[in-house]
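Asker: Kindly generate the corresponding structure for this input.
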Amino acid sequence: MYSREQVYTASLDYFNGDELAATVFTDKYCLKKEGVYYELTPTDMHRRLAKEFARIETKYPNPMSEEEIFELLDRFKWIIPQGSPMAAIGNKYAMSSSSNCFVIGDHVDSYGGIMRADEEQAQLMKMRGGVGQDISWIRPSGAIASATPLGPNAGTTLYMDRYSNTTREVQQDGRRGALMLSIGIDHPDAEKFIDKKMTQGSVTGANVSVRVSDMFMEALKEEKPFYQTFPVKYTIETVANNVDLESLEEDKLYEGLKVDGHRTYYKKVSPRKLWDKIIHNAWKSAEPGVLFWDRITIESPGAGYGIKMREVSTNPCGEIPLPPYDSCRLLVVNLLSFVVDAYTKGASLDDKRLVNAIQKAMRLMDDVVDLEIEKIDAIIAKVKEKPFPETFQRNEIELWEKIRWTAENGRRVGLGITAEGDMMAALGITYGTEEGTKFAETLHNLIATSAYKASVTLAAERGAFPMWDYEKDQESGFIQRMFSEENPFMYEKLRENWKTYGRRNIGCLTIAPTGSVSIMTQTSSGIEPVFALWYFRKKKTVSEDERVDFVDEVGDKWIEFPVFHKPFIQWFATSRNYTTDQDPLADLMEFSKDELEALAMLSPWYKATSLDVDYVEKVRMQGAVQKWVDHSISVTINMPEDVTEEIIAQCYITAHEVGCKGMTVYRNNSRGNVLSQESVKEKAVEESFDYLSAHKRPKHLKCDIFFKSASKNAFIIIVGKLDGKPYEAFAIPEMEATKISRTHKYGEIHKVKR
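Answerer: Here you go, the predicted structure:
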């Protein structure tokens, strides 16, 4: 048993002085209970994981040994369980799920259904799961409520705040919940949904995305009207039979025919107006994201398996579209570790070792399904032990029973990658170029085929997922491509084994963001390019024991860490022929900013960091890789602050054309940054007052705008600046008459005589 200080100190040594990595392990993944820590370093954690994996392996033919599994996990070098599996597997001190993400659904359009969704979301988040839900099932604003005295309904956007607030309330072990809210573009409240987060302080606990259909994109292209309906499953012809659609007033909600005893509604809208709102709001605040829903459903590896396996929304980061009450577990391989002679002219990818690791990773992924089912059984048993009435327990038990059913019958897994940006740099390939895109497509084709080969082999050894049917597999665009002659890595024996034995897992692949994982692997995240070669990283904290470097406008507390990208240090050492007894980091710390920028121009990351890459080429790369990922890909197109809305629109249109399943953009400084090349603390010092007198006030002053709270009162702080330094400051109570959008960070103060 250890104290936090002992664990942090030992982990700091393990990560060679990396404060952020040591903090992440100590606070998120080390086993602990009530201030007592039971693991000293990640080595202990990897031993715990290996022991549990090996226990499951013994249930099946050809088991891997505990030592073999440990060697795959050790030092985060080859295979890394991501997030929830890392925290939950073998953890006897906390009750939590091994699933990273869930989707809920099948709710009834009523207050009871709205409350039930809220309850389910909270129950899953308290077990460490991120949650996604589509709210297209809630009737639109202006529709008549079933209980006549209530009159017209408030619509979907009212309940976005409810679900968002629940997310901000639920915490487990210092980790807040994560939520994705989506809506169909064919829902009459789509425009209000798109605009909702533009309202100051709204829906701060959720990501939001719009499910966009091919029909909408076609109407947009042809500049034709688009018709929204509720319920969204009905066509405009069904709900507005014999109505002259062309004569309808735009943006007005009409009541349609009764269908199956239910009221229906419809609305005529301009697709251009909705699209421009999506683009503008993404430019302004990085949301909403877009989900190309027809692509998701047609390509789905479970497309043929009926309504119980039909996707309704995605997890909070968008990489896993899921049906109601399905969940997914994530694991990644560290691509940088498979590069031989990195940063030299002879650098190469050890593809044989990579293929071997992928196949072993799939075995571990399938083991996690068994471990999750054990976790679910334990959760259900714990609920039954609670000293509460049976009626109170029933909802929670039913929720976990539904999740258990989908886990057992689909055995869905999410094998992914991390460090792809660094792997390319180590091989001398520039990310965001045509060469880089071609390489990435071939690489992920190899990874996908290796994973599906492993799933077929596991089906032969352990049995296919219970719902598997060869004919039903034919309905998936992805499965057809995987086992077709279009796949250069497919061969006839594997194709025959698939027909004979099936697949062990209904879905196998994803590319998720790997925030905490990439911190501990000390590499670039997921498929993304490296953010920067040196930067300041901010980490949110809810702990009372940690230092707080600053508090943001919504009251969240943050710690700031200066970071040099470890592979950049390794490249520097290799290029300068450093010996093992020399310290390249110490030398880099002595470089001036100009010297570092000159050095970066010589590195393989030049023009390949997140703000440097060609945006459209990055979108094309995502589309090329998506061909070989059966779920989806979490990618953010990072852009500089001065990027135009037209460029963002071009990226979204290109994403649809090249086969992406979703798209998110982030314009620098459009909202709070987790990563920054400028220290918040240093910036505050630089902008502090250092003079006792000032020049005469000019008529106009540039200003910075801040939003702060004191004694539960909100204020707008306006700091007028002369020659870049503070000249005057105003603290204005934030009220309806003085409200300013929180996206405004800069302005100008005009002196007016009255």
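Asker: low-confidence ranges in the stretch 551-700 of the chain?
Answerer: 561-562, 672-695 (pLDDT under 70).
Asker: Apply 50 and report the result again.
Answerer: The stretch 551-700 of the chain contains residues with pLDDT under 50 at 684-692.
Asker: show me where it has helices.
Answerer: Along the stretch 551-700 of the chain, counting by DSSP state H, counting those that start in this stretch, helices occupy 566-575, 584-589, 593-602, 615-626, 645-658, 680-686.
Asker: Pipe those into CSV and attach mean neighbour count and distance to Ile559 per row.
Answerer: C-beta coordinates here come from the backbone N, C-alpha and C atoms, glycine included. Converted to CSV, those look like this (neighbours: other Cβ atoms under 10 Å; distance: least, Cβ to Cβ, whole Å):
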stretch, mean neighbour count, distance to Ile559
helix 566-575, 20, 20
helix 584-589, 14, 20
helix 593-602, 12, 23
helix 615-626, 23, 30
helix 645-658, 18, 32
helix 680-686, 12, 11
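Asker: which one of those lies closest to Met639?
Answerer: helix 615-626 (6.2 Å; Cβ to Cβ).
Asker: Could you list every helix and strand in contact with that closest one?
Answerer: Judged by 3 or more Cβ pairs under 8 Å, 6 or more residues apart in numbering; DSSP states H and E, the packing partners of helix 615-626 are helix 434-462, strand 636-639, helix 645-658.
Asker: So the most centrally placed residue in the chain, which state does it fall into?
Answerer: By Cα atoms, centre = their mean, the chain has its centre lying nearest to Cys317, at 2.1 Å. Assigned by DSSP: H, G, I helix; E, B strand; the rest coil, the conformation of Cys317 is coil.
Asker: Test my guess that it contacts Asn207.
Answerer: Yes - using Cβ atoms under 8 Å, Cys317 is in contact with Asn207, at 7.5 Å.
Asker: which residues do these two both contact?
Answerer: 178, 180 (Cβ atoms under 8 Å, 6 or more residues apart in numbering).
Asker: Now do the buried residues in stretch 153-164.
Answerer: The neighbour-count check on stretch 153-164 (16 or more other Cβ atoms under 10 Å) flags 153-157, 159-161, 163-164 as buried.
Asker: picking up where we left off before, which of the helices and strands packed on helix 615-626 sits closest to Leu179?
Answerer: When those are compared (using Cβ to Cβ), the closest one is strand 636-639, at 17.6 Å.
Asker: now stretch 131-141: how far from the chain's centre is it?
Answerer: 20 Å (Cα atoms, centre = their mean, to the nearest Å).
Asker: ok, back up a step: give the closest residue to the residue nearest to the centre of the chain in space, chain neighbours not counted.
Answerer: Closest residue in space to Cys317, ignoring its immediate chain neighbours: Ser634 at 4.4 Å, by Cβ to Cβ, 6 or more residues apart in numbering.
Asker: ok, now which ones touch that neighbour?
Answerer: Ser634 neighbours (Cβ under 8 Å, 6+ apart): 317-319, 510-513, 526, 664.
Asker: again, but for Phe715
Answerer: Counting by Cβ under 8 Å, 6+ apart, Phe715 has contacts 707-709, 731-734.
Asker: Gly256 and Gly155, how far apart?
Answerer: 17 Å (Cβ to Cβ, to the nearest Å).
Asker: do the same with Lys402
Answerer: For Lys402, the distance to Gly155 - Cβ to Cβ - is 28 Å.
Asker: now do Leu443
Answerer: 45 Å.
Asker: Nearest spatial neighbour of Thr430, chain-adjacent residues omitted?
Answerer: Ala608 is the one closest to Thr430 (Cβ to Cβ, 6+ apart), at 5.2 Å.
Asker: Double-check that neighbour against Ala425; I have them as touching.
Answerer: Yes - with contacts counted by Cβ under 8 Å, Ala608 reaches Ala425, the gap being 6.8 Å.
Asker: Is Val658 in contact with Arg620, as I believe?
Answerer: Yes - under the criterion of Cβ under 8 Å, Val658 makes contact with Arg620 at 5.4 Å.
Asker: Which of the helices and strands in the protein ranks last by mean pLDDT?
Answerer: helix 680-686 (a mean of 47; mean pLDDT, DSSP states H and E).
Asker: continuing past that one, what's the next helix or strand?
Answerer: strand 700-710 (DSSP states H and E).
Asker: neighbouring strands for that following strand, and are they parallel or not?
Answerer: strand 713-722 (antiparallel), strand 746-750 (antiparallel) (DSSP bridges).
Asker: Return the most buried member of those.
Answerer: Mean neighbour count (mean count of other Cβ atoms under 10 Å) peaks for strand 713-722 among the strands paired with strand 700-710, with a mean of 17.
Asker: Show me what the helix or strand following it is packed against.
Answerer: Downstream of strand 713-722, the next assigned helix or strand under DSSP H and E is strand 725-733. Counting contacts by 3+ Cβ pairs under 8 Å, 6+ apart, strand 725-733 is packed against strand 713-722.
Asker: Let me know the angle separating the strand it packs on from strand 725-733.
Answerer: 160 degrees (axes from the mean of the first three to the mean of the last three Cα atoms, to 10 degrees).
Asker: Send me strand 713-722 as CSV with only the CA atoms.
Answerer: This file holds the C-alpha atoms of strand 713-722, laid out as CSV (Å, rounded to 0.1, in the frame of the first residue of the first chain):
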residue,chain,number,x,y,z
ASN,A,713,-22.0,36.5,-9.5
ALA,A,714,-21.0,36.5,-13.1
PHE,A,715,-18.9,39.4,-14.5
ILE,A,716,-17.7,40.5,-18.0
ILE,A,717,-14.1,41.8,-17.6
ILE,A,718,-13.0,44.2,-20.3
VAL,A,719,-9.3,45.2,-20.4
GLY,A,720,-8.4,48.1,-22.6
LYS,A,721,-4.8,47.8,-23.9
LEU,A,722,-2.4,50.5,-25.1
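Asker: tell me the mean pLDDT for it?
Answerer: Mean pLDDT, strand 713-722: 85.
Asker: go on, stretch 17-33?
Answerer: Rounded mean pLDDT across stretch 17-33 is 93.
Asker: Can you give me the neighbour number for Tyr37?
Answerer: Neighbour count of Tyr37, defined by other Cβ atoms under 10 Å: 20.
Asker: Can you tell me how far Ser247 is from Tyr254?
Answerer: Ser247 is 11 Å from Tyr254, by Cβ to Cβ.
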